[in-house]
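In: Quick one: sequence plus predicted model below, questions after.
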Amino acid sequence: MNNLAAGGNGHATKAHRQGIIRTLVRNEPPRSQKDMLRRLRAAGVSVTQATLSRDLRDLGLLKGPSGYREAEASDAGVSKDRSLLHMQRMMRSYLTGVAIAGNLVVLKTPPGLAHALGVALDRASLVDVVGTVAGDDTLFAATPSPSRARTVERRLRGLLGRR
């Protein structure tokens with residue numbers, strides 16, 4: 001069994017499936033959705049075309065001449081308003097926890113989704129966030145001060161429905 005597959009029944013959780021997609025893109029970018037579907041199935045993951053399209057959008061993956069790739073913070077083309085709405089939607093979908101550590105806001109996600117959340121947060125260009133650093137399931141958002149970190153934390157908790 002391929003070490004990317006989940007459980008063996010072909011039904012991976014959304015977070016696990018998206019983690020596999022990110023791994024595929026990082027290792028050897030699929031040139032098309034058809035190629036991506038084939039490689040996911042080879043990894044033991046059963047997914048529909050519609051679900052794959054949503055996953056690619058949610059992960060912020062872009063299709064270029066050499067295949068799918070992760071978005072760069074410098075990629076242009078999306079307005080600030082759309083970026084902010086996208087960030088809010090992603091936070092509601094993937095954010096599982098928020099905490100403050102000095103002037104950092106620590107965001108928790110399911111495995112494999114911290115980077116996508118960081119890209120969305122960077123693109124939203126929030127005044128209080130000066131930059132982000134993402135791991136696998138943890139994202140650090142740097143702010144200019146602890147008071148600004150509290151402001152960001154409250155805003156993100158609001159998106160989670162927790163104050």
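Out: Here it is on my side, so go on.
In: Tell me which helix or strand comes right after the helix or strand of the chain with the lowest mean pLDDT.
Out: When each helix and strand of the chain is scored by mean pLDDT, DSSP states H and E, helix 80-94 comes last, with a mean of 74. On the C-terminal side of helix 80-94, the nearest following helix or strand under DSSP states H and E is strand 97-101.
In: Could you find the closest non-adjacent residue to the residue positioned nearest the centre of the chain?
Out: By C-alpha atoms, centre = their mean, the chain has its centre lying nearest to residue 116, at 2.1 Å. Residue nearest to residue 116 in three dimensions, not counting chain neighbours: residue 59, with 4.7 Å by C-beta to C-beta, 6 or more residues apart in numbering. Using the backbone N, CA and C atoms, a C-beta is placed for each residue, glycine as well.
In: one step back: from residue 60, how far out is the residue nearest to the centre of the chain?
Out: Distance from residue 116 to residue 60, counting by C-beta to C-beta, to the nearest Å: 5 Å.
In: what number of residues lie near the residue nearest to residue 116?
Out: Each residue near residue 59 was counted by other C-beta atoms under 10 Å, and the total is 24.
In: Wait, it touches residue 117, no?
Out: No: when contacts are counted by C-beta atoms under 8 Å, residue 59 is not listed as touching residue 117 (10.0 Å).
In: now the helices for this structure?
Out: Shown for the chain, the helices assigned by DSSP state H span residues 14-27, 33-42, 49-58, 80-94, 114-124, 146-160.
In: send the alpha carbons of the third one over as CSV?
Out: This points to helix 49-58. What follows is helix 49-58, C-alpha atoms only, in CSV (Å, rounded to 0.1, in the frame of the first residue of the first chain):
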residue,chain,number,x,y,z
GLN,A,49,-13.6,15.9,-10.4
ALA,A,50,-15.8,18.5,-8.5
THR,A,51,-14.2,17.7,-5.2
LEU,A,52,-10.7,18.0,-6.7
SER,A,53,-11.5,21.3,-8.3
ARG,A,54,-12.7,22.6,-4.9
ASP,A,55,-9.5,21.3,-3.2
LEU,A,56,-7.3,23.0,-5.7
ARG,A,57,-9.1,26.3,-5.2
ASP,A,58,-9.1,25.9,-1.4
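In: Might you calculate how far it sits from the centre of the chain?
Out: With C-alpha atoms, centre = their mean, to the nearest Å as the basis, helix 49-58 stands 13 Å off its chain's centre.
In: List of residues touching it?
Out: In this structure, residues lying in contact with helix 49-58 by C-beta atoms under 8 Å, 6 or more residues apart in numbering are 14, 17-18, 21, 33, 36-37, 40, 47, 68, 90, 93, 116.
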